[in-house]
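Undergrad: Here is a sequence with its predicted model. Questions after.
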Amino acid sequence: MTQTPEVHPDPFEVATMKAAVMHGIRDVRIETRNIPQVRPGHVLVRIKTVGVCGSDVHYFTHGKIGPFVVKAPIILGHESMGVIAQIGEGVKGLQTGDRVTLEPGYPCRTCEYCKKGQYNLCPEMTFMATPPVDGAFVEYVEWPADFVFKVPDMVSDDAAALIEPLAVGVWSVKRGGVKPGDAIVVYGAGPIGCTTLQAAKAAGATTLIAVDLEDYRLDLIRELGATHTINARHEDPQRRIREITGRNLPESHSGADVVFETAGTLKTCQQSMLVARPGGTVVLVGLPPNPMVELDLVAAASREVDIRGIFRYANCYPAALQLVQEGRVNLDKMVTQRYALDQTQEALIFTDEFKNVSMKVMVDF
């Protein structure tokens, strides 16, 4: 039987599009917006699927993340992929019909940080779904072509959208300096914990420990490569990590080479400092709700534990795409639920309230 090809309206004949717009805390409405005009050097992308990120949920439930406060209606969503619908003047290397993933932040390209390759620290950064910039829970997005990446045929739509959280994992592993044979710990077995652990494995880490409170997530991260999982409801993570990483050393000198804090809680931030070995590294990936966290800095300093933060990522999309293309990272396994664009509010509520039975929720167009 001949399959009828998928048909989509010409964006230049249909001048409007649907968008999921957040008007206030726990208040997302489906509205009609004009399709954006394509500027030189930009492309218009018809969005196909978007992952729901923890930051989306935080804006949805609290209306702010640190200094970023929602003061006007905003479109959330930044883990996105789609198909190019129109090419702007001067764009090379892309064409209409290409499947692409969108790096959701772009810098000024001219400041000192950009010129040093640290564009994630650019003071003029524009980032999707960060007030006041609209995100990707919308049918069409216009975006700079140099931050749009073609997706290989063997990479699924879901995986293409989830290159964004994988980029966080790749950057975290780079900041942590993970080496072949390292023992690593990931606090928090959510999506960022899963991508960070897989990126660490791809970098050569051989002892991969995940700590969480939910068996559902721990079971899944074990399927993705964790060699040890610890449910902190039932075990003392600090004791278990010291047992796993002991290497015939005194307890005071056991611990992981690199610890990644991805849960963003006071307790996990504090424990991360204690389970790194002397000379080890702690990478702070998660964002605790209260930025003032009490830490034992004397213990960290006397054991020469390096403490490093990360802010998003820089130049990680090509590497992340390659890891998925080569089968070294599995992003499809992380997708657990799906919603339609009209159900964006339900998707955000589910992600917030059902962490015990979900990993990554996707919104399909």
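TA: Arrived safely. For clarity, every value in this text was computed on a predicted model and none was experimentally measured. Residues are numbered from 1 along each chain as shown.
Undergrad: ok, longest helix in this structure?
TA: helix 163-176 (DSSP state H).
Undergrad: and the residue nearest to the spatial centre of the chain, what does it touch?
TA: For the chain, the residue nearest the mean C-alpha position is P165 (2.2 Å; C-alpha atoms, centre = their mean). Applying C-beta atoms under 8 Å, 6 or more residues apart in numbering to P165 gives the contacts 51, 53, 79, 191-192, 195, 360. From N, CA and C alone the C-beta is placed, and that goes for glycine too.
Undergrad: Quickly note the distance from it to L197.
TA: Per C-beta to C-beta, to the nearest Å, P165 is found 12 Å from L197.
Undergrad: And for E142?
TA: Distance from E142 to L197, by C-beta to C-beta: 35 Å.
Undergrad: Which of the two has more residues huddled nearby?
TA: L197 (30 against 16; other C-beta atoms under 10 Å).
Undergrad: Secondary structure element for the more buried one, which one?
TA: helix 191-202 (DSSP states H and E).
Undergrad: could you give the angle of that helix to helix 163-176?
TA: Interaxial angle, helix 191-202 versus helix 163-176 (axes from the mean of the first three to the mean of the last three C-alpha atoms, to 10 degrees): 60 degrees.
Undergrad: same question for helix 191-202, mean pLDDT?
TA: For helix 191-202, mean pLDDT rounds to 98.
Undergrad: any chance you could map the strands in the stretch 101-250 of the chain?
TA: 105-106, 126-127, 140-144, 148-150, 183-187, 207-212, 228-231 (DSSP state E, counting those that start in this stretch).
Undergrad: okay, those, which one's buried deepest?
TA: Comparing the strands of the stretch 101-250 of the chain by mean neighbour count (mean count of other C-beta atoms under 10 Å), strand 183-187 ranks first with a mean of 29.
Undergrad: elements contacting it?
TA: Applying 3 or more C-beta pairs under 8 Å, 6 or more residues apart in numbering; DSSP states H and E, one finds that strand 183-187 contacts helix 191-202, strand 207-212, helix 237-244, strand 256-261, helix 266-275.
Undergrad: Next, format those as a markdown table and append distance to V283.
TA: Putting these into a markdown table (distance: least, C-beta to C-beta, whole Å) gives the following:
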| stretch | distance to V283 |
| --- | --- |
| helix 191-202 | 8 |
| strand 207-212 | 14 |
| helix 237-244 | 16 |
| strand 256-261 | 5 |
| helix 266-275 | 9 |
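Undergrad: Mind exporting the C-alpha coordinates of the strand or helix carrying R338 to PDB?
TA: Taking DSSP H and E as the definition, R338 sits inside strand 335-340. Output of strand 335-340 as PDB, limited to C-alpha atoms (Å, rounded to 0.1, in the frame of the first residue of the first chain):
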ATOM      1  CA  VAL A 335      12.400   9.300  26.600                       C
ATOM      2  CA  THR A 336       9.500   8.000  28.800                       C
ATOM      3  CA  GLN A 337       6.400  10.100  28.000                       C
ATOM      4  CA  ARG A 338       5.000  12.100  25.100                       C
ATOM      5  CA  TYR A 339       2.500  15.000  24.800                       C
ATOM      6  CA  ALA A 340       1.200  17.200  22.000                       C
END
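Undergrad: Cheers, nothing more for now.
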